[in-house]
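A.B. asks: here is a sequence with its predicted model. Questions after.
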Number of protein chains: 2
Amino acid sequence: MAIIVDKVQKRKDIALACKDIFVQKGIKDLSVSQIAKAAKIGKGTIYDYFCNKEDIVFEIVNILMKKYKESLTKKIESATSTREKIKQFSSIFYDEDVSDLRAIYKEFISISLSSPNKEMMEFQSSYAKDYYEWFVDVLRDGVKSGEIREGSEDFARGLFVLAKGMFISSSSTNTIEDVKSEIHKFTDALFDILEEKND
Amino acid sequence: MAIIVDKVQKRKDIALACKDIFVQKGIKDLSVSQIAKAAKIGKGTIYDYFCNKEDIVFEIVNILMKKYKESLTKKIESATSTREKIKQFSSIFYDEDVSDLRAIYKEFISISLSSPNKEMMEFQSSYAKDYYEWFVDVLRDGVKSGEIREGSEDFARGLFVLAKGMFISSSSTNTIEDVKSEIHKFTDALFDILEEKND
DNA sequence: TCAAAATGACTGACCGTCGGTCATTTAAAA
DNA sequence: TTTTAAATGACCGACGGTCAGTCATTTTGA
């Protein structure tokens, strides 16, 4: 027998080791040789843990998303109103401490659009479902407590999709500050109405 | 003297000549040689009219967008309610006769995300501004006529961004039918509220 | 005749593979 | 218990093949 490495762990280690260079340059301006050098391993080794260059991005997104979700849970728990909770969901688009995730997620979306891959699509839809249900729960709680009107849950999907749209818009045209105020403005406009009673 | 070709026109001609193959295969699975063959010109000629492969996608999007905008104008003019007008805006995401535009626009977004390019960004933001103002006008008319409540214009940006988000969602997970009903459901939920009076 | 237009051979960059090397572990012999 | 041969998997980087973009040459038509 010989040394047995934890393949799953090493995959994560490599991904994290080259995360910064990915954030900095983006996948298009990075060669696999450069990535290998950044991770201090041989080029061939990359392919023992990833099926292609894109797969590395996938792993980084996975890691960062997981971490983000944990921090988001805390933020949402400590928010007092439904309005504030919904605003917290959008923090991914402007919070400074998740700028890495934003950068990598952008690459990820780009890859998903140009070469749809079964695993990636499943990852996307599982995350989407997850967040969507979370959204719905938050809104439903708001309805139950009488904070917002009935039927508000119907906006969950829309808000979620809107969030995705922010990615395209924000990564091309706006500054982070614009994005933040844009989202808050929309959320406020919506909640001003949702908080009215309709019966 | 010698032959003088209309550079602008020829650029369009080439773009249209290879549009179908782009829609079919996507930029990633297309080599410049194949594109040149489809357009019945030499590979080098491509570079007399386009600065790179991505630039061809840009031109195709431009052409199809222009055409789409014309048809959309008619559709919106003939719509009777504000609600219907807003729904028409989203037809790009499910109408069968713009499936080509959808396919190419997907490529375009992918390219924009991975290699932000000044010209592309300007194109994006000019279109965004254009549609946004159109949106606002439609909503404002609705407010003026008393059809929807005051403040409804505040949703213009959100609706527009939401539309962009549909691209990511729709191109990865859902079928066209899902997308259509999804959008209509959200629009209806919003308009049910907007059509209530708030004073 | 000549300049613009068109071309395709060529080049350099880069992705992913593959045969080979090396370090470590096992196990059998001493 | 010590030694050493065999076995195995981790690791590597040279190499093949592909392809975007360039450029020297040819074609075309006013």
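C.D. replies: Yep, it's here.
A.B. asks: grab the most central residue of chain A for me.
C.D. replies: Centroid-nearest residue in chain A: residue A:65, 5.6 Å away (criterion: Cα atoms, centre = their mean).
A.B. asks: which helix or which strand is home to that residue?
C.D. replies: Element membership of residue A:65, judged by DSSP states H and E, is helix A:53-78.
A.B. asks: tell me the angle the helix or strand that that helix is followed by makes with helix A:53-78.
C.D. replies: Later in the chain than helix A:53-78, the nearest helix or strand by DSSP H and E is helix A:82-89. Going by axes from the mean of the first three to the mean of the last three Cα atoms, to 10 degrees, helix A:82-89 is angled at 160 degrees with respect to helix A:53-78.
A.B. asks: packing partners of helix A:82-89?
C.D. replies: helix A:53-78, helix A:118-144, helix A:156-172, helix A:176-194 (3 or more Cβ pairs under 8 Å, 6 or more residues apart in numbering or on different chains; DSSP states H and E). Backbone N, C-alpha and C define where each C-beta goes, glycine included.
A.B. asks: pLDDT on the first one, on average?
C.D. replies: In other words, helix A:53-78. Helix A:53-78 carries an average pLDDT of 96.
A.B. asks: ditto for the second one
C.D. replies: Across helix A:118-144, pLDDT averages out at 91.
A.B. asks: does anything pack onto it? Which helices or strands?
C.D. replies: Other helices and strands packing on helix A:118-144, by 3+ Cβ pairs under 8 Å, 6+ apart, are helix A:53-78, helix A:82-89, helix A:99-114, helix A:156-172, helix B:156-172.
A.B. asks: wait, which of those is closest to residue B:118?
C.D. replies: Nearest to residue B:118, of all the helices and strands packed on helix A:118-144, is helix A:156-172, at 10.7 Å by Cβ to Cβ.
A.B. asks: re the thing from before, a markdown table for the helices and strands packed on helix A:118-144, including distance to residue B:53?
C.D. replies: As requested, the helices and strands packed on helix A:118-144 are exported to a markdown table (distance: least, Cβ to Cβ, whole Å):
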| stretch | distance to residue B:53 |
| --- | --- |
| helix A:53-78 | 18 |
| helix A:82-89 | 37 |
| helix A:99-114 | 12 |
| helix A:156-172 | 20 |
| helix B:156-172 | 20 |
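A.B. asks: residue B:61 is nearest to which of those helices?
C.D. replies: helix B:156-172 (12.6 Å).
A.B. asks: export the closest one to CSV, keeping only CA atoms.
C.D. replies: Extracted in CSV, the C-alpha atoms of helix B:156-172 (Å, rounded to 0.1, in the frame of the first residue of the first chain):
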residue,chain,number,x,y,z
ALA,B,156,-39.7,49.8,-12.8
ARG,B,157,-36.0,49.1,-12.0
GLY,B,158,-36.9,46.1,-10.0
LEU,B,159,-39.0,44.6,-12.7
PHE,B,160,-36.2,45.2,-15.2
VAL,B,161,-33.6,43.6,-13.0
LEU,B,162,-35.9,40.7,-12.4
ALA,B,163,-36.2,40.2,-16.1
LYS,B,164,-32.4,39.8,-16.3
GLY,B,165,-32.5,37.4,-13.5
MET,B,166,-35.0,35.3,-15.4
PHE,B,167,-32.2,34.6,-17.9
ILE,B,168,-30.0,32.9,-15.4
SER,B,169,-32.8,31.0,-13.9
SER,B,170,-34.5,30.0,-17.1
SER,B,171,-31.5,29.0,-19.0
SER,B,172,-30.4,26.6,-16.3
